[in-house]
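K.L.:
build me a model from this:
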Amino acid sequence: MKAHTRETQATMTPEKSLQYLIEGNKRFQDNLKANRNLLEQVNDTSEGQFPFATILSCIDSRVSAELVFDQGLGDIFSVRIAGNFVNDDILGSMEFACKLAGTKLIVVLGHTACGAVKGACDDAKLGKLTGMLSKIKPAVNAVTLPEDYSLRNSGNIEFVNNVAEQNVMLTIDKILKDSEVLAEMQSKGEIKIVGAMYDIHSGAVKFYEQ
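P.N.:
Okay, the predicted model is just below:
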């Protein structure tokens with residue numbers, strides 16, 4: 001599999017880009033890899049890059065977007081931050097990736113058993129981590145069940161995973177609310193913004209299309 005060129009990137013649609021990631025995750029689950037020469041891709045991308053997707057994911061060491069979607073050099077822009085939320089700097093990076101660099105798809109990728117989400121559920125406090133986890137708090141509050149306060153913590157993995165999923169959806173809402181550039185591109189069909197959850201037990205990614 002060759003690195004993307006300006007010509008191959010131009011053939012990518014939002015739907016085709018999503019399908020590429022779905023197929024790549026299937027290969028990952030089957031322990032198969034596309035036949036690619038990474039050193040050749042280093043050379044092929046040395047004078048330019050033409051990715052087809054931008055993926056916002058957690059810093060979790062088990063959730064490398066390039067690996068779980070079986071992608072090579074020059075295929076995706078990868079944005080990583082604990083809790084996969086957005087701020088102005090990340091939104092600016094996404095605007096660059098889509099409007100200037102030509103990616104057709106944004107994926108907000110959460111994952112099960114997320115440590116950042118657990119910290120937000122437990123109202124953890126530690127230095128700069130306190131402020132960071134506050135960005136995930138709206139997702140905690142948006143999950144109304146269970147009502148029993150003793151079950152609304154990291155000890156309840158179902159609650160944690162529901163919060164992680166809600167965090168993905170709220171992140172997409174924030175992208176569309178805070179970035180006129182990306183909202184306009186999606187409304188015109190130039191890009192698609194989707195949420196997804198990675199299962200750390202199976203390696204499977206479940207996509208949520210809006």
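
K.L.:
if Ser57 is in a bridge, with which residues?
P.N.:
Here Ser57 sits in beta bridges with Arg80, Leu109, going by DSSP bridges.

K.L.:
tell me the pLDDT of it.
P.N.:
Note on Ser57: pLDDT of 97.

K.L.:
hmm, it is touching Leu109, no?
P.N.:
Yes: judged on Cβ atoms under 8 Å, Ser57 makes contact with Leu109 at a distance of 4.1 Å. In this view, the C-beta of every residue, glycine as well, is placed from N, C-alpha and C.

K.L.:
overlap of the contact sets of these two?
P.N.:
Shared contacts of Ser57 and Leu109 (Cβ atoms under 8 Å, 6 or more residues apart in numbering): 63, 65, 84, 198.

K.L.:
against Lys128, how distant is the closest residue to Ala113 other than its chain neighbours?
P.N.:
Once flanking residues are discounted, Ala113 sits nearest to Ile200: 5.6 Å by Cβ to Cβ, 6 or more residues apart in numbering. Look at Ile200 and Lys128: by Cβ to Cβ, to the nearest Å, they are 25 Å apart.

K.L.:
quick one: which of the two has more around it?
P.N.:
Remark: of Ile200 and Lys128, Ile200 carries more neighbours, 13 against 7, as counted by other Cβ atoms under 10 Å.

K.L.:
helix, strand, or coil at the more buried one?
P.N.:
coil (DSSP: H, G, I helix; E, B strand; the rest coil).
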